[in-house]
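J.: what would the 3D arrangement of this be:
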Amino acid sequence: MGASDRMFAAQRTAFPDLFVPPWLPPESGERLEHYAERMAATLPPGKDVLLGGQSFGGMVAVEMARATGARDCVLISSVAAPNDLPRRVRGALAIGRRVPFPRFYGWAIRAIAGWGSSPRGIRFHRIHGSLDVVIPPRCSPGAEIVRGGGHFLLPRLHATAVNDFLRRACS
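T.: Just a heads-up that it's a prediction; the model follows:
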């Protein structure tokens, strides 16, 4: 949650127009949907975009797609809807809502726990590591599976597979 843009260094090299917006400070009690609307406002104007993100960033991208009317969204080690999260993660989120964390992480856990309904009309392009234990590949139907890939560092440790996947998603 809240990984820096350095996570996507290999993708920036392969895709020079890649824009990774900085995380905004969350507003007190802000819902994921509203946060995503504010993030969407940081996108470069007048350009067609393919929204996407990794892990929590993917969840934000889903809501940005909803806010902007985008038809496509790339999910890297992420899910398209709250019900896609494994039951144990949903349970941990419920407990985590009451645990003190640094501001962004605490907010992100509460935002995921309060995430609303599944979006409609968005085509998802999914890639997932076969060894992901945080959000297992079974939670991402139709995902392209990267053998040996985990959850947190998929874009860095499997850059070639992720970049090839992104090229296909962009076409």
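
J.: show me where this structure has strands.
T.: 51-54, 72-76, 123-129, 144-146 (DSSP state E).

J.: could you dump the ones you listed to JSON lines with distance to P25 and mean pLDDT?
T.: (Glycine included, C-beta is placed from N, CA and C.) Listed next are the strands of the chain as JSON lines, based on distance: least, CB to CB, whole Å; pLDDT from 0 to 100:
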{"stretch": "strand 51-54", "distance to P25": "18", "mean pLDDT": "94"}
{"stretch": "strand 72-76", "distance to P25": "24", "mean pLDDT": "95"}
{"stretch": "strand 123-129", "distance to P25": "28", "mean pLDDT": "95"}
{"stretch": "strand 144-146", "distance to P25": "33", "mean pLDDT": "96"}
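
J.: tabulate these (TSV), appending distance to P137 and mean neighbour count.
T.: Supplementary listing: those in TSV, determined by distance: least, CB to CB, whole Å; neighbours: other CB atoms under 10 Å:
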stretch	distance to P137	mean neighbour count
strand 51-54	14	25
strand 72-76	12	24
strand 123-129	4	22
strand 144-146	6	18
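
J.: what's the closest of the ones you listed to A41?
T.: strand 51-54 (13.2 Å; CB to CB).

J.: that closest one pairs with which strands, and in what direction?
T.: Strand 51-54 has the following strand partners under DSSP bridges: strand 72-76 (parallel).

J.: outside of the strand it pairs with, which residues touch it?
T.: 50-55, 58, 61-62, 65, 80, 122-128, 140, 143, 154-155, 162, 166, 169 (CB atoms under 8 Å, 6 or more residues apart in numbering).
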